[in-house]
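Student: sequence first, predicted coordinates after that:
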Amino acid sequence: MSEQQLPVVVIGAGPVGLAAATHLLERGLEPHVLERGDEVASSVVSWSHVRVFSPWSFNIDDAARRLLERRGWEAPDPELHPTGGELLDHYLRPLAATPELSSRTRLGARVTQITRAGFDKLKTDGREHAPFHVLVETDAGEERILARAVLDASGTYATPNPLGAGGVRAPGERSLAHRIEYRIPDLLGAERARYAGKRVLVGGGGHSAFNAIRDLAELQQDAPDTHIAWAVRRPELADVFGGGENDPLAERGRLGALIHRLVDDGALRAITGFATDRLQAVDGGIVAAAGRRELGPFDEIIAVTGYRPDLDINRELRLGLDSAIESPTKLAPLIDPNIHSCGSVPPHGAPELAHPEPGFYIIGMKSYGRAPTFLLRTGYEQVRSVAAALAGDTDAAERVELALPETGVCELDGRSRDRSCDAPATEPVTAGAAA
């Protein structure tokens, strides 16, 4: 089989992975989608109880829409804000069920490594002509899939950051993992009993923390003996709450304003400048410490401190990654939260996502590495451009076809500005979990 006859392997059947497959089909390329979960968009299933900040008009890819509408699908009201479950039921599952994608998607297929056939990372001569080997584990065993190109849309949801402020688990964090949740729990549903009437510490300064606090506050109304403390690493809260009425994503603005009110009214205890460096189990629960400061004891901890990419499957590929952000080198300056404080992240595509390994792209949330500001619409623009590049349409790959809204409130030299900009989030803006 010639390289041109080989498929393009797409890792992950989430929103960006399925959109990538659809764009590849429109370009006459053959996608092969590998999803490690037992159903498509398995990460979205994990936050199906969360309502997203962005309306439906932000969350549907154009190529996916065209495919669905040919099958008689009717789009939801573009102004409504779906939950993760509604995103699944009314968009992702119908998309994956189309004959075009269902025949090209494999579930329960976990990618363990990607390499060049016959070439480890050190070998150069002839490397660019060798197909990719994608190693996959399934219930039936291990296999290798040959591919002309690979798009890694595996996301970051499976690899949350630890609570420890140094980027690694704090002493005691591993042994107490059974009492720490690293994602937004279903506090008002399936996990209500775990948190009702308990002393809960929420760690994290993004919108995932806001979601958890909002639900805990609602839970507290029915279970008044529920106690909430919120620990953030930032020395001040002034730049944490976002744009409020100035945020074009109105639901996100309202959430930030709600948390601000809870703090101002004294209903929420906020502890600033708290960089957790150890956890300790005591008779009364868990004590969190930062230097000489101690908080607690608590019964439960919700640590929503962001996510990071798992790069192990890419170890044998030649990657161009920023040493701090862990995103593609050309993309890093556009999204670095240390320097990117104002304005929209500009739309970007294949040129910014390219690696020294031709034919390999990291797309979607994983392309942002450890950076927090990611819009799902950005992922759709990425895959449109990458599909064009793989089809040889350089003009389309380099053309920008998306205008992104500015969101949040600017922070310059420690001074808040009353204008819009990207405020740090901990997950894609499609999830109320973090947008």
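Tutor: Cool, the structure landed.
Student: helix, strand, or coil at the nearest residue to A267 once chain neighbours are set aside?
Tutor: Nearest in space to A267, with sequence neighbours left out and distances taken as Cβ to Cβ, 6 or more residues apart in numbering, is A217 at 6.9 Å. From N, CA and C alone the C-beta is placed, and that goes for glycine too. Per DSSP: H, G, I helix; E, B strand; the rest coil, the secondary structure class of A217 is helix.
Student: now the helix or strand where A388 lies: buried residues?
Tutor: Assigned by DSSP states H and E, A388 belongs to helix 376-390. For helix 376-390, a neighbour-count test (16 or more other Cβ atoms under 10 Å) marks 376-390 as buried.
Student: which one of those is nearest to T156?
Tutor: The closest of the buried residues of helix 376-390 to T156 turns out to be G379 (Cβ to Cβ; 12.3 Å).
Student: so who does that closest one touch?
Tutor: Taking Cβ atoms under 8 Å, 6 or more residues apart in numbering, we find G379 in contact with 15-16, 19, 153, 363-365, 367, 428.
Student: how near is V9 to I339?
Tutor: Separation of V9 from I339 (Cβ to Cβ, to the nearest Å): 34 Å.
Student: between the two, which is the more surrounded one?
Tutor: With neighbours defined as other Cβ atoms under 10 Å, V9 and I339 compare such that V9 has more, 23 against 9.
Student: pop the domain breakdown of this protein in here.
Tutor: 3-158+307-404, 177-303 (automatic domain parsing).
Student: now for the ones you listed, which one comes closest to G166?
Tutor: Per Cβ to Cβ, nearest to G166 of the domains of the chain: domain 177-303, 7.2 Å.
Student: convert the C-alpha atoms of stretch 139-159 to PDB, please.
Tutor: The C-alpha coordinates for stretch 139-159 follow below in PDB (Å, rounded to 0.1, in the frame of the first residue of the first chain):
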ATOM      1  CA  ASP A 139      -9.400  -6.100  24.300                       C
ATOM      2  CA  ALA A 140      -8.200  -8.400  21.500                       C
ATOM      3  CA  GLY A 141      -4.600  -7.500  22.100                       C
ATOM      4  CA  GLU A 142      -2.000  -5.300  20.600                       C
ATOM      5  CA  GLU A 143      -1.700  -4.200  17.000                       C
ATOM      6  CA  ARG A 144       0.000  -1.700  14.800                       C
ATOM      7  CA  ILE A 145      -1.700   0.700  12.300                       C
ATOM      8  CA  LEU A 146       0.100   2.200   9.400                       C
ATOM      9  CA  ALA A 147      -0.800   5.900   8.700                       C
ATOM     10  CA  ARG A 148       0.300   8.600   6.300                       C
ATOM     11  CA  ALA A 149      -0.300  11.200   9.000                       C
ATOM     12  CA  VAL A 150      -1.400  11.400  12.700                       C
ATOM     13  CA  LEU A 151      -3.600  14.000  14.400                       C
ATOM     14  CA  ASP A 152      -3.400  13.700  18.200                       C
ATOM     15  CA  ALA A 153      -6.700  15.000  19.600                       C
ATOM     16  CA  SER A 154      -6.500  13.000  22.800                       C
ATOM     17  CA  GLY A 155      -6.900  16.100  25.000                       C
ATOM     18  CA  THR A 156      -5.700  16.700  28.600                       C
ATOM     19  CA  TYR A 157      -8.700  15.700  30.700                       C
ATOM     20  CA  ALA A 158      -7.200  12.400  31.700                       C
ATOM     21  CA  THR A 159      -4.100  14.100  33.200                       C
END
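Student: centre of the chain versus that stretch, how much separation?
Tutor: 17 Å (Cα atoms, centre = their mean, to the nearest Å).
Student: export the domains of the chain to TSV and tack on distance to G164 and mean pLDDT?
Tutor: Shown next, in TSV, are these (distance: least, Cβ to Cβ, whole Å; pLDDT from 0 to 100):
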stretch	distance to G164	mean pLDDT
domain 3-158+307-404	13	93
domain 177-303	6	91
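Student: export those domains to TSV and tack on distance to V168?
Tutor: Below are these laid out as TSV (distance: least, Cβ to Cβ, whole Å):
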stretch	distance to V168
domain 3-158+307-404	11
domain 177-303	10
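Student: between the ones you listed, which gets nearest to A165?
Tutor: Comparison of those against A165 by Cβ to Cβ identifies domain 177-303 as nearest, at 3.5 Å.
Student: now do that closest one: distance from first to last residue.
Tutor: 10 Å (Cα to Cα, to the nearest Å).
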